[in-house]
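Undergrad: Build me a structure from this.
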Amino acid sequence: MAKRAFLFLLLVPLLTYANIIKVCKSCKETELSSAIAHAQKGDTILIYSGVYKARNLIIKIPLTIIGIDNPTIDGENKGTILSVNTDYFSIQNLTIINVGRSFTKDYAAILIAHSKHFTIKNLKLRNLFFGILIEKSHFGLIENNHISSVSLSEAGSGNGIHMWHTSDVIIKNNDLSGLRDGIYLEFVSNSVISNNKSYQNLRYGLHFMFSDKNEYHHNLFKNNGAGVAVMFSKNIKMHDNAFILNWGSASYGLLLKEINDAEIVNNTFEQNTIGINVEGSSRINYKNNTFLRNGWALKVRGACYQNKFTNNNFLNNAFDLSYNSELNDNFFNNNYWSEYTGYDLDKNGIGDVPYRPVKLFSYIVNKTPETLILLRSLFVDIINFSEKVSPVFTPDDLLDNKPLMKKAND
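TA: Okay, here's the model as predicted:
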C-alpha cells in the first residue's frame, strides 16, 4: 500500500498540469495548428465537428488528440498532414483527407518517426498517397481505421499502412482499399496483423520484406493484384486467413520467396490464379489449408527443402500442383484430393493407392502456356492417364502415400 501511495504522489503533478484544449469554430482555439503550438506534455486536444484545413502539423510532445462528432482535417493535396516525433501519443476519431502526392517524397496522412508507445485508432483516411507511414518506431497499436484512395498506377500511389525498421506493433480491424499495398512491412519484427480487410489494391493486400518473427491471422485478402507477398523473411506465422479472388496473369493468393521456418495453417485459398507460389523456401509447415477452385493450388518453383504438406484439402482446382524441381526432402501426406479416384478396402479413411498430384498437362502448360486452351479436352485426359501409369516427365517419387478419403477436419 505504501508503495502504491508513493507512486500515486509521483503522478499527481502530471495529472494536475494536464489540460484539455478544445478546438472549434467558436472556441478560443479555432485551428488545430494553434492548439498544438500551445499544448503542454500530456495535454488532450478535443477537435469538434467541422472541416479544418491544415498541413505539416508537427507533434513533438506526448499528446492525445480526439475528434468529437467526426471532424475532418483537409490537407488540400499539399503534402504530409500530420507528423509525429514523440513517445506516448494517441490520435483517435478523425477523418483526414487530401494528402499531397509526389514522385520524390513520401507524403502521408500521418507520419510517425522515432516514436514509442502510440495509438492510431478509429480514423477515416481518404484520398491518400501514403496513409499511415511509420519509421523506426516501436510499441504501437493501429486499430479500427478505414484507409482508402483511388490508385491508378503503382508509381503514383502509396501504401495504406507502411512500416519501416519498426517492431512490436499491433495492426488489427482495419479496412484498406484502393492503395498500392494495403499493408507494407520492411525490416519489421515482433508484430501482429489480425482481423483486417485488404481488398482492391493495385499490388498486394499485405507485403513483407526482410521482416522476421511476425504473425498475421484472421485477415481477408480479396481481389488485389495479389493477396500477400512474404519475401526474404523467417519465422512467420500465417494462419486462419482468407485469400480470395486474386486473379491476373501473374497473381497469387500467397507468394513466398526466400522464406524459412514458417507456419501456414488453417488458411483458405479460393479462386486465385495461383493459391501459393513458392520459391527458395524451406522448413515450412503447410497444414489444414483449403485450396478451392484455384487455377493452380500450389506452384513450387525450386530450391525448397524440408517442407511438410499435411491435412490440406485440394478441391476442384484446375491443377492441384505444379512442381518444377526435384522432390528433395519435401513431404506430402494425409491430404485430401478431390480428383483422387482410389479405394479404401480396409475402411480406415486412407486411400490404399498413393495419389500422384502432378499432371503431365500441368508440366506442358508451364513449358507452353498457350496449351491451356486444351484443358478440358479428351486429349488432355489421355496424356494425363498415360503419365499416371508410367511417369516420364513428372517426378515419379512425388506422391501422397496416404491420401485422405474425406476432407480433412470434416
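
Undergrad: only C-alpha atoms for contact and neighbour calcs from this point on.
TA: Fine.

Undergrad: Low-confidence regions, the stretch 101-250 of the chain specifically.
TA: Along the stretch 101-250 of the chain, the parts satisfying pLDDT under 70 run over 250.

Undergrad: Over to the stretch 301-410 of the chain?
TA: 361-365, 367-368, 370-395.

Undergrad: residue boundaries of the strands in it?
TA: Along the stretch 301-410 of the chain, the stretches classed as strands by DSSP state E, counting those that start in this stretch are 308-310, 313-315, 319-323, 331-333, 336-337.

Undergrad: I'd like the ones you listed written out as TSV, with mean neighbour count added.
TA: Listed next are the strands of the stretch 301-410 of the chain as TSV, based on neighbours: other C-alpha atoms under 10 Å:
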stretch	mean neighbour count
strand 308-310	19
strand 313-315	24
strand 319-323	23
strand 331-333	19
strand 336-337	25
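
Undergrad: Just tell me which of those ends up closest to residue 67.
TA: strand 313-315 (47.1 Å; C-alpha to C-alpha).

Undergrad: Give me the packing partners of that closest one, helices and strands only.
TA: strand 290-292, strand 336-337 (3 or more C-alpha pairs under 8 Å, 6 or more residues apart in numbering; DSSP states H and E).

Undergrad: what does the longest one rub up against?
TA: Residues lying outside strand 290-292 but in contact with it, judged by C-alpha atoms under 8 Å, 6 or more residues apart in numbering, are 266-271, 275, 297, 312-317.

Undergrad: partners of that strand, with directions?
TA: strand 268-270 (parallel), strand 313-315 (parallel) (DSSP bridges).

Undergrad: re the thing from before, a markdown table for the helices and strands packed on strand 313-315, including distance to residue 400?
TA: Listed next are the helices and strands packed on strand 313-315 as a markdown table, based on distance: least, C-alpha to C-alpha, whole Å:
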| stretch | distance to residue 400 |
| --- | --- |
| strand 290-292 | 16 |
| strand 336-337 | 9 |
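
Undergrad: out of those, nearest to residue 82?
TA: Here strand 290-292 is closest among those (C-alpha to C-alpha), at 42.5 Å.

Undergrad: Check what pLDDT residue 281 gets.
TA: Residue 281 is assigned a pLDDT of 96 by the prediction.

Undergrad: give the contact list for it.
TA: Counting by C-alpha under 8 Å, 6+ apart, residue 281 makes contact with 256-260, 303-305.

Undergrad: Repeat that for residue 212.
TA: Residue 212 touches 187-190, 233-236, counting by C-alpha under 8 Å, 6+ apart.

Undergrad: what does residue 257 give?
TA: Residue 257 neighbours (C-alpha under 8 Å, 6+ apart): 230-232, 278-281.

Undergrad: Make a markdown table from those residues and add distance to residue 180 and secondary structure to it.
TA: Below are the contacts of residue 257 laid out as a markdown table (distance: C-alpha to C-alpha, whole Å; DSSP: H, G, I helix; E, B strand; the rest coil):
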| residue | distance to residue 180 | secondary structure |
| --- | --- | --- |
| 230 | 16 | strand |
| 231 | 17 | strand |
| 232 | 20 | strand |
| 278 | 22 | strand |
| 279 | 23 | strand |
| 280 | 26 | coil |
| 281 | 25 | coil |
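
Undergrad: By neighbours, which of these wins?
TA: Most neighbours among these, by other C-alpha atoms under 10 Å: residue 281, with 25 neighbours.

Undergrad: helix/strand/coil for residue 100?
TA: coil (DSSP: H, G, I helix; E, B strand; the rest coil).

Undergrad: tell me the contacts of it?
TA: So residue 100 contacts 75-80, 107-108, 128-129 (C-alpha under 8 Å, 6+ apart).

Undergrad: again, only using 6 Å
TA: Contact analysis of residue 100 by C-alpha atoms under 6 Å, 6 or more residues apart in numbering lists 77-79.

Undergrad: So which of these is the closest to residue 63?
TA: residue 79 (22.3 Å).

Undergrad: Same question for that closest one, what's its three-state structure.
TA: At residue 79, secondary structure determined by three-state DSSP is coil.

Undergrad: hang on, it packs against residue 107?
TA: Yes. Residue 79 lies in contact with residue 107 (C-alpha atoms under 6 Å); the separation is 5.4 Å.

Undergrad: Compare the two and say which is more crowded by neighbours.
TA: Using other C-alpha under 10 Å, the more surrounded residue of residue 79 and residue 107 is residue 107, with 26 against 21.

Undergrad: Pull the contacting residues for the closest residue to that one other than its chain neighbours.
TA: Spatial nearest neighbour of residue 107, excluding adjacent residues (C-alpha to C-alpha, 6 or more residues apart in numbering): residue 80 at 4.6 Å. Shown in contact with residue 80 (C-alpha under 6 Å, 6+ apart): 56, 107-109.

Undergrad: One more pass at 10 Å, please.
TA: By C-alpha atoms under 10 Å, 6 or more residues apart in numbering, the contact list for residue 80 reads 54-58, 98-101, 105-111, 128-131.

Undergrad: Same question for stretch 169-180: list its buried residues.
TA: Within stretch 169-180, the residues that count as buried by 16 or more other C-alpha atoms under 10 Å are 169-180.

Undergrad: repeat for stretch 20-40
TA: Quick answer for stretch 20-40 (16+ other C-alpha under 10 Å): 21-24, 29-33, 35-36, 39-40.
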